[in-house]
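Asker: Okay, predicted coordinates and the sequence, questions at the end:
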Amino acid sequence: MFRIHFLETSIAKTSDSTNSFFDGYINASTNIHILMTQYENASAGRHEKEVKAECDTINIAPVLKTPSPMEKQAANIYTREIFLMFQQELMETLAYPATIINDTGSDVIYHVVKFGEDHKVHYVQYNVFEKKASCSFQLFDFSGILCRHILAVFRVKNVLMLPSHYVLKRWTRKAKSDVVLHEDELGLPSCHNESFTDRFEKLSLEVIKYVKGGVD
């Protein structure tokens with residue numbers, strides 16, 4: 001039943017997306033010749049929006065909500081959309097106290113739960129020497145973005161900057177710069193692979209949002 005519902009939902013979302021794409025360009029009486037022209041106009045409009053979003057990522061500094069050095073670091077290295085997701089997780093740590101339940105010296109296990117929601121418990125194991133953490137929520141394992149539970153432990157342990165092993169290249173501004181450079185070296189039009197990269201990133205982000213919404 002879940003698969004059937006998911007398929008129906010996916011079809012509905014695809015239909016909504018298609019309708020949104022052509023909004024303002026076609027109607028029921030549009031003939032095939034006009035349709036092709038309007039399709040090109042719609043494609044150009046969509047591309048223009050994507051280019052603007054990319055320019056915003058490069059030129060518009062995101063608004064910082066805390067004096068945290070980690071937030072400032074993330075704003076400088078992540079793409080705009082990834083930073084906004086990380087920023088949300090960082091802000092949520094204020095409502096997620098981390099309590100030690102086991103301490104062996106090198107490894108510490110924390111009980112992390114939101115105020116007033118004791119039924120939604122997550123456990124974080126933190127290695128003091130390596131500054132590595134694993135969480136039962138597994139958001140980082142799945143998406144490469146640190147969850148609020150690990151960030152709550154980092155706050156308790158006074159980890160002020162993101163350890164390098166938690167910064168995945170595919171979510172950084174530098175990753176897109178490297179893609180363009182690689183295309184130039186091969187003599188390829190940059191719009192081709194850049195468009196594919198953007199589509200892959202958007203799909204990944206949508207999946208992450210679904211998982212976060214359904215689990216936490």
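Answerer: Nice, thanks for sending it over.
Asker: can you give me the strands in the chain?
Answerer: 98-103, 107-112, 122-127, 132-135 (DSSP state E).
Asker: Tell me the strands beside the first one, with direction?
Answerer: Within its sheet, and counting by DSSP bridges, strand 98-103 is paired with strand 107-112 (antiparallel).
Asker: Repeat that for the shortest one.
Answerer: For strand 132-135, sheet partners with direction are given as strand 122-127 (antiparallel), following DSSP bridges.
Asker: What lies in contact with the strand it pairs with?
Answerer: Judged by C-beta atoms under 8 Å, 6 or more residues apart in numbering, the contacts made with strand 122-127 from elsewhere in the structure are 98, 101, 106-113, 132-137, 147, 149-150, 152-153, 157. Quick note: C-beta positions are derived from backbone N, CA and C, even for glycine.
Asker: Flag every buried residue along it.
Answerer: 122, 123, 124, 125, 126 (16 or more other C-beta atoms under 10 Å).
Asker: ok, now stretch 86-96?
Answerer: Buried residues in stretch 86-96 (16+ other C-beta under 10 Å): 86, 87, 89, 90, 92, 93, 96.
Asker: Between the strands of the chain, which one is closest to residue 46.
Answerer: Residue 46 lies closest to strand 132-135 among the strands of the chain, at 37.0 Å (C-beta to C-beta).
Asker: still on that earlier bit, just the buried residues from the contacts of strand 122-127, in ChimeraX please.
Answerer: A single ChimeraX command selects the buried members of the contacts of strand 122-127 (16+ other C-beta under 10 Å):
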select :98,108,110,111,112,113,133,135,137,147,149,150,152,153
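Asker: Could you give the number of residues near residue 171?
Answerer: Neighbour count for residue 171, taken as other C-beta atoms under 10 Å: 22.
Asker: again but with residue 81, I slipped
Answerer: For residue 81, using other C-beta under 10 Å, the count is 16.
Asker: Compile the buried residues of strand 122-127 into CSV and extend it with columns for pLDDT.
Answerer: Listed next are those as CSV, based on pLDDT from 0 to 100:
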residue, pLDDT
122, 98
123, 98
124, 99
125, 98
126, 98
